[in-house]
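**Q** got a sequence here, can you build the structure:
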Amino acid sequence: MPRALITGITGQDGLYLGEFLAAKGYEVFGMVRGQSNPKIPIVEGCIPSIQLLEGDLRDLSSLIGVLEMAQPDEIYNLGAISFVGLSFKQPELTGDITGMGVLRMLEAIRIYKQGSMDGIRFYQASSSEMFGATHESPQRETTQFHPRSPYGAAKVFGHYVTQNYRESYNAWACSGILFNHESPRRGFEFLTRKVTRAVARIALGRQDVLAVGNMDVSRDWGFAGDYVEAMWLMLQQEEPEDYVIATGKTHSVSDLLQIAFNHVGIDDWQPYVMQDERFFRPADVAVLVGDATKARAKLGWHPTVDFKQLIEMMVTADLENERRNPGPAESRHQPRPSHGLVAVPEQPAPPALPRRVSSSGSGY
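**A** Residues are numbered from 1 along each chain as shown. Okay, the predicted model is just below:
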């Protein structure tokens with residue numbers, strides 16, 4: 001039975017990946033920072049066979065201890081401060097965890113393996129935010145990085161240090177440069193989930209207006225369940241290489257709003273959405289779109305859920321969640337999504353005038 005260690009197990013990708021690996025017969029270990037983590041019951045509910053170990057990407061000794069207990073064949077380093085907007089407010093913390101955390105994990109492997117680094121395959125979660133303001137479109141593995149946020153800059157460091165350990169210590173280490181990937185498990189701070197939750201609440205008469213930041217952006221959005229399979233495929237290759245994982249299609253924030261509101265029977269979304277400059281970032285990126293030709297050719301990977309299906313899946317899940325739990329959504333666990341579309345019952349008539357505002361930043 002292969003053994004896999006996942007950092008960032010409590011996040012969207014960690015949950016999907018843990019389920020995916022457990023279904024393939026892996027013994028799955030998840031790293032959590034403190035046993036009082038409120039998301040532990042969610043992880044244990046989604047992955048009953050999971051073994052949770054306490055560790056911190058800011059503490060090298062704890063990482064060595066986790067490796068000694070898990071004795072993994074594969075490591076998926078998904079742990080990070082992953083919300084781009086927050087990285088502007090907490091740049092030092094973002095650099096320490098998202099950037100230096102990668103170095104500490106690689107160094108922990110080197111110490112644990114007594115310098116050889118043999119026998120462990122390492123996956124680093126790189127990000128399309130590393131490309132930032134690059135002039136090449138679509139972006140591929142050879143595109144020059146020009147990050148426009150502390151998060152993107154930290155990811156660039158993690159990406160390059162992974163390459164450095166591969167070249168310096170012969171580590172079996174690769175990076176997946178994943179473009180935006182979403183699901184009903186996405187955190188409420190991210191734009192897609194804020195929109196789908198707000199649309200569900202508007203349709204149910206529990207909210208009137210959604211406030212957003214920069215709407216003049218387009219992103220390459222895919223389904224997180226598809227993208228974790230690509231992570232696994234990368235570690236099954238003979239040699240470690242870096243791959244862009246993307247759909248190759250861009251959609252604007254307006255497209256996102258149109259699909260989400262249409263799914264609940266509202267054709268004109270503009271009366272329900274307001275733009276608020278408080279949610280703009282100090283620097284932003286207009287368009288990001290990936291070229292996953294290499295992943296298709298070498299990994300045989302391709303997305304199975306398109307953008308419309310993804311947003312409708314998320315709206316449907318949020319409608320079901322809001323109906324079951326009329327209280328504050330932030331305190332609730334999200335259900336496991338279905339690939340199939342669920343029929344949405346006829347919704348109440350939308351309110352004539354806006355009364356309340358849901359503050360939503362631009363977390364892509």
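**Q** from what I see, Q275 and V212 are in contact.
**A** Yes. Between Q275 and V212 there is a contact under C-beta atoms under 8 Å: 6.1 Å. Yep, even glycine has a C-beta here, placed from its N, CA and C like the rest.
**Q** what about the two, which has more around it?
**A** Here Q275 and V212 are set side by side on neighbour count (other C-beta atoms under 10 Å), and the busier one is V212, at 23 against 13.
**Q** using PDB, write out every CA atom in stretch 269-285.
**A** Extracted C-alpha coordinates of stretch 269-285, given in PDB (Å, rounded to 0.1, in the frame of the first residue of the first chain):
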ATOM      1  CA  TRP A 269     -28.000  40.400 -12.700                       C
ATOM      2  CA  GLN A 270     -26.900  44.000 -12.700                       C
ATOM      3  CA  PRO A 271     -29.500  45.300 -10.200                       C
ATOM      4  CA  TYR A 272     -28.200  42.900  -7.700                       C
ATOM      5  CA  VAL A 273     -24.400  43.600  -8.000                       C
ATOM      6  CA  MET A 274     -22.500  46.700  -7.000                       C
ATOM      7  CA  GLN A 275     -18.800  47.400  -7.500                       C
ATOM      8  CA  ASP A 276     -16.900  48.600  -4.400                       C
ATOM      9  CA  GLU A 277     -13.400  50.000  -4.700                       C
ATOM     10  CA  ARG A 278     -12.600  48.900  -1.100                       C
ATOM     11  CA  PHE A 279     -12.200  45.400  -2.500                       C
ATOM     12  CA  PHE A 280      -9.700  46.300  -5.300                       C
ATOM     13  CA  ARG A 281      -6.200  45.000  -4.900                       C
ATOM     14  CA  PRO A 282      -3.100  47.300  -5.000                       C
ATOM     15  CA  ALA A 283      -2.100  45.500  -8.200                       C
ATOM     16  CA  ASP A 284      -4.100  43.100 -10.300                       C
ATOM     17  CA  VAL A 285      -3.800  41.000 -13.500                       C
END
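**Q** roughly how far out does that stretch sit from the chain middle?
**A** With C-alpha atoms, centre = their mean, to the nearest Å as the basis, stretch 269-285 stands 21 Å off its chain's centre.
**Q** with stretch 189-209 instead?
**A** Using C-alpha atoms, centre = their mean, the offset of stretch 189-209 from its chain centre is 20 Å.
**Q** so which bits of that stretch are buried?
**A** For stretch 189-209, burial by neighbour count (16 or more other C-beta atoms under 10 Å) applies to 189-204, 207-209.
**Q** what about the residues you listed, which are in helices?
**A** Secondary structure assignment by DSSP state H places 191-203 of the buried residues of stretch 189-209 in helices.
**Q** show me where this structure has its helices.
**A** Here the chain has its helices, by DSSP H, at 12-23, 40-46, 60-70, 84-89, 91-94, 100-112, 150-168, 191-203, 224-235, 253-262, 293-294, 307-324.
**Q** domain map for the chain?
**A** Per automatic domain parsing, the structural domains of the chain span 3-181+222-245, 187-220+249-287+306-359.
**Q** give me the mean pLDDT for the last one.
**A** Put plainly, it is domain 187-220+249-287+306-359. Here domain 187-220+249-287+306-359 scores 77 as its mean pLDDT.
**Q** and for stretch 13-20?
**A** Per-residue pLDDT over stretch 13-20 has a mean of 98.
**Q** distance between it and the chain's centre?
**A** Here stretch 13-20 shows a centroid-to-chain-centroid distance of 11 Å under the convention C-alpha atoms, centre = their mean.
**Q** before we move on, what about stretch 36-49?
**A** On the basis of C-alpha atoms, centre = their mean, the separation between the geometric centre of stretch 36-49 and that of its chain is 18 Å.
**Q** again with stretch 64-84
**A** Stretch 64-84 has its average C-alpha position 16 Å from the chain's average C-alpha position, going by C-alpha atoms, centre = their mean.
**Q** ok, now how distant is the residue nearest to V195 when sequence neighbours are not counted from A133?
**A** Take V195 and drop its neighbours on the chain: the residue closest to it by C-beta to C-beta, 6 or more residues apart in numbering is A260, 5.3 Å away. Taking C-beta to C-beta, to the nearest Å as the measure, A260 and A133 are separated by 28 Å.
**Q** repeat that for L106.
**A** Counting by C-beta to C-beta, the separation of L106 from A133 is 28 Å.
**Q** the two: who's more crowded?
**A** Set side by side, L106 and A133 show more neighbours around L106, with 25 against 13, by other C-beta under 10 Å.
**Q** shouldn't that one be in contact with S168?
**A** No. Using C-beta under 8 Å, L106 makes no contact with S168, being 10.1 Å away.
**Q** so who does E74 touch?
**A** Residues counted as contacts of E74 (C-beta atoms under 8 Å, 6 or more residues apart in numbering) are P2, R3, A4, L5, Y26, I120, R121, F122, Y123, L235.
**Q** beta partners of the third one?
**A** Using DSSP bridges, the bridge partners assigned to A4 are V28, E74.
**Q** that one reaches M31, doesn't it?
**A** No. A4 is beyond contact range of M31, at 11.3 Å (criterion: C-beta under 8 Å).
**Q** I245: which of the helices of the chain is closest?
**A** When the helices of the chain are compared for distance to I245 using C-beta to C-beta, the nearest one is helix 224-235, at 4.6 Å.
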